[in-house]
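# From the sequence below, what's the structure:
(one chain, ligands or ions: 1)
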Amino acid sequence: MNIVLLGPPGSGKGTQSKKIAERYNLAHISTGDLLRDAVANNIDVGIDIKAYLDVGKLVPDEVISKLLQIRLSAEDVRNGYILDGYPRTLAQAYLLESFLRLDVVLLLDADYKYILNRITTRSVCSGCKATLSDSQLINNLCPICGSTTFKRSDDNEQTFSKRFQVYEELTTPLIDFYKTKGILKSVDGNGGVEEIFDKIKVILDGVTK
Ligand code: AMP
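Numbers count the residues shown, from 1 in each chain. You can find the predicted model right below:
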């Protein structure tokens, strides 16, 4: 099964993708994570990726394609995968169509105010990479594995507003694109993690039957 998870920044795509990947034995491929890993590991891709991330601009397609190509050559994608953060533009959706048959596109929709609050009050674990609400942290440490946590450099109000604007302008056209293909399923992303995951499971269990 191959899935795309669409949704505005902060709608919980990363958290839900991890849970979906685990339950349905799929590889979780987050282009945002691939980019952040490239920055952390000083991988030379010919541009300053961090400069794009910090202002909320989309990284050029050539760079994304290169990182994606490397990731897709790994063993774990054989059983299918969930794409989190890709495609983000119609051009990327056309490119994806040329090499992948998608089973379902999940749209995780959430209100601006709700996700702004979520984004400005969340941290990431440096160990298990979980995204955590600050209220879950124990002395600023991850409640799951005990590692230190940090804030993403683009999780601030200014960058968020740019990321949201980019989403509205460039990514929302994908909603109609996939609706027309008959593979779009919408999920209300305004609730708690488990509540949202329950709704996703109903949809995906229907696809796998
Ligand atoms: P995310 O982790 O999905 O919120 O992505 C963080 C940032 O990575 C975005 O704001 C973009 O700057 C960049 N990014 C992630 N995915 C893509 C993509 N498919 N195309 C271009 N830039 C991307």
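# which other helices and strands contact the top helix by length along the chain?
If you go by DSSP state H, the chain has its longest helix at helix 193-208. With contacts taken as 3 or more Cβ pairs under 8 Å, 6 or more residues apart in numbering; DSSP states H and E, helix 193-208 sits against helix 13-24, strand 104-109, strand 184-188. All C-beta atoms are positioned from the backbone trio N, CA, C, and that covers glycine.
# Output those as CSV; include the columns distance to V166, mean pLDDT and mean neighbour count.
What follows is the helices and strands packed on helix 193-208, written out as CSV (distance: least, Cβ to Cβ, whole Å; pLDDT from 0 to 100; neighbours: other Cβ atoms under 10 Å):
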stretch, distance to V166, mean pLDDT, mean neighbour count
helix 13-24, 15, 95, 19
strand 104-109, 17, 96, 22
strand 184-188, 20, 96, 18
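# Would you convert the ones you listed into JSON lines that also reports distance to T120?
Converted to JSON lines, those look like this (distance: least, Cβ to Cβ, whole Å):
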{"stretch": "helix 13-24", "distance to T120": "16"}
{"stretch": "strand 104-109", "distance to T120": "19"}
{"stretch": "strand 184-188", "distance to T120": "21"}
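# Relative to the ligand, which of these is closest?
With respect to the ligand, and counting by Cβ to the nearest ligand atom, the nearest of those is helix 13-24 at 6.6 Å.
# Which strands and helices lie in contact with that closest one?
Against helix 13-24 (3+ Cβ pairs under 8 Å, 6+ apart) you get strand 3-6, strand 27-30, strand 81-84, strand 104-109, helix 193-208.
# what about the closest residue to the ligand within the chain, distance to L174?
Closest to the ligand within the chain is G32: 1.9 Å, counting by Cβ to the nearest ligand atom. Separation of G32 from L174 (Cβ to Cβ, to the nearest Å) stands at 16 Å.
# mind listing what L116 touches?
10, 157, 160 (Cβ atoms under 8 Å, 6 or more residues apart in numbering).
# Any chance of the backbone angles for the most far-flung residue of the chain relative to its centre?
Of all residues in the chain, N139 has its C-alpha farthest from the mean position, at 27.2 Å, by Cα atoms, centre = their mean. Here is the backbone geometry of N139 (degrees, to the nearest 10): phi 50, psi 40.
# again, but for T120
phi -80, psi 0.
# Now do the closest residue to it other than its chain neighbours: how many residues are near it, please.
For T120, ignoring the flanking residues on the chain, the nearest one in space by Cβ to Cβ, 6 or more residues apart in numbering is E157 at 6.2 Å. Number of residues near E157 (other Cβ atoms under 10 Å) recorded here: 9.
# Show me what I138 bridges to in the sheet.
L141 (DSSP bridges).
# and it, how many neighbours does it have?
I138: 9 surrounding residues under other Cβ under 10 Å.
# Report the contact partners of the residue nearest to C125 when sequence neighbours are not counted.
Taking Cβ to Cβ, 6+ apart as the measure, C125 lies nearest to C142, with 3.8 Å between them; neighbours along the chain are not counted. Going by Cβ under 8 Å, 6+ apart, C142 touches 125-128, 130, 132, 148-149.
# ok, now how distant is C142 from L108?
C142 is 23 Å from L108, where distance means Cβ to Cβ.
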